[in-house]
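J.: Pasting a predicted model and its sequence here:
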Amino acid sequence: MYLDWTYIVLVLPAVLFAMWASSRVNSTFAKYKNTRNVRGLTGAQAARWVLDRNGLTNVPIEHIQGSLTDHYDPSANVVRLSDDVYGSTSTAAIGVACHEVGHAIQHATNYLPVKIRTAIVPITNIGAKISIPLIILGLLLASMGEIFIIMAYVGCACFGLSTVFQLVTLPTEFNASNRALRTIEETNLLQGEEFKQAKQVLSAAAMTYVAALAVSLAQLLRFLIIVGGRRRN
């Protein structure tokens, strides 16, 4: 029986970390999604307040179905909030709503990591589609010539674009959360224990992006080790 030690040693720990991070954000959100904020503001109302405060009166807020499907759509310049956030008065909902507004503010202020991430999306999507086929084909045909090893390395480079995307995503997400928490605190949307609860939700969410980067880095390193080993053979 063949055991892929590169997967067990490199990728599996990162995957387990990602599973833990996903579970943690869901459990943390669930913990506080029924904790009503004292002011009685809904996620949509809080988002509107923060947008208007930052001069983004032209950015609409829409309701979208699903759980934690909240996002800011830069192409449409709209904040979309999920079932558990749009009409909810929970401290968790306020935190998530303000985080998405943070992305709208980044877009409006030309935050550099956002511009980089947006610019590399097309090439990243292409790289994600062709990376694995190139690596597999290159490895299968490696015995036929050096050109196929080079093909496998090109596949690794294409996969690396996804890693770069994850890397640029980190400061984008952390900055959005910092903007959200700073605005919540400055405007007294949440106070005391309420603020701590929203911060816990956003901190848990941030770890999912750290985990995604870890998985991508581990997989990239695994591919490089496999291709390098085949080249030596």
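T.: Nice, I can see it.

J.: wait, isn't V101 in contact with W49?
T.: No: applying Cβ atoms under 8 Å as the test, V101 and W49 come out as separate, 9.0 Å apart. Where C-beta positions appear, they are placed from N, C-alpha and C, glycine not excepted.

J.: Compare neighbour counts for the two and give me the winner.
T.: More crowded of V101 and W49, by other Cβ atoms under 10 Å: V101, with 28 against 18.

J.: mind listing what the more buried one touches?
T.: 47, 50-51, 54, 56, 72, 79, 179-180, 183 (Cβ atoms under 8 Å, 6 or more residues apart in numbering).

J.: where's the residue nearest to W20 when sequence neighbours are not counted, which helix or strand?
T.: Once flanking residues are discounted, W20 sits nearest to A211: 7.6 Å by Cβ to Cβ, 6 or more residues apart in numbering. A211 is part of helix 193-232 when elements are defined by DSSP states H and E.

J.: Show me what counts as buried in that helix.
T.: 194-195, 197-224, 226-227, 230 (16 or more other Cβ atoms under 10 Å).

J.: Looking at the contacts of V101, which are in helices?
T.: Taking DSSP state H as the definition of helices, the contacts of V101 contribute 47, 50-51, 179-180, 183.

J.: Type out the PyMOL command that picks the buried ones from those residues.
T.: The following PyMOL line selects those of the ones in helices among the contacts of V101 that are buried, judged by 16+ other Cβ under 10 Å:
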select buried, resi 47+50+51+179+180+183
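
J.: looking at the protein, which helix or strand does the model trust least?
T.: helix 5-6 (a mean of 86; mean pLDDT, DSSP states H and E).

J.: Check which helices and strands that one sits against.
T.: Helix 5-6 is packed against helix 193-232, with contacts defined by 3 or more Cβ pairs under 8 Å, 6 or more residues apart in numbering; DSSP states H and E.

J.: what is the mean pLDDT for the helix it packs on?
T.: Average pLDDT, helix 193-232: 92.

J.: Which strands and helices lie in contact with it?
T.: helix 5-6, helix 12-32, helix 91-108, helix 112-140, helix 146-186.

J.: Specify the angle between the last one and helix 91-108 in degrees.
T.: Going by axes from the mean of the first three to the mean of the last three Cα atoms, to 10 degrees, helix 146-186 is angled at 120 degrees with respect to helix 91-108.

J.: Helix 112-140 and helix 146-186, what's the angle between them?
T.: 150 degrees.

J.: cool, and the third one?
T.: Per the same axes, to 10 degrees, the angle that helix 91-108 makes with helix 112-140 is 90 degrees.
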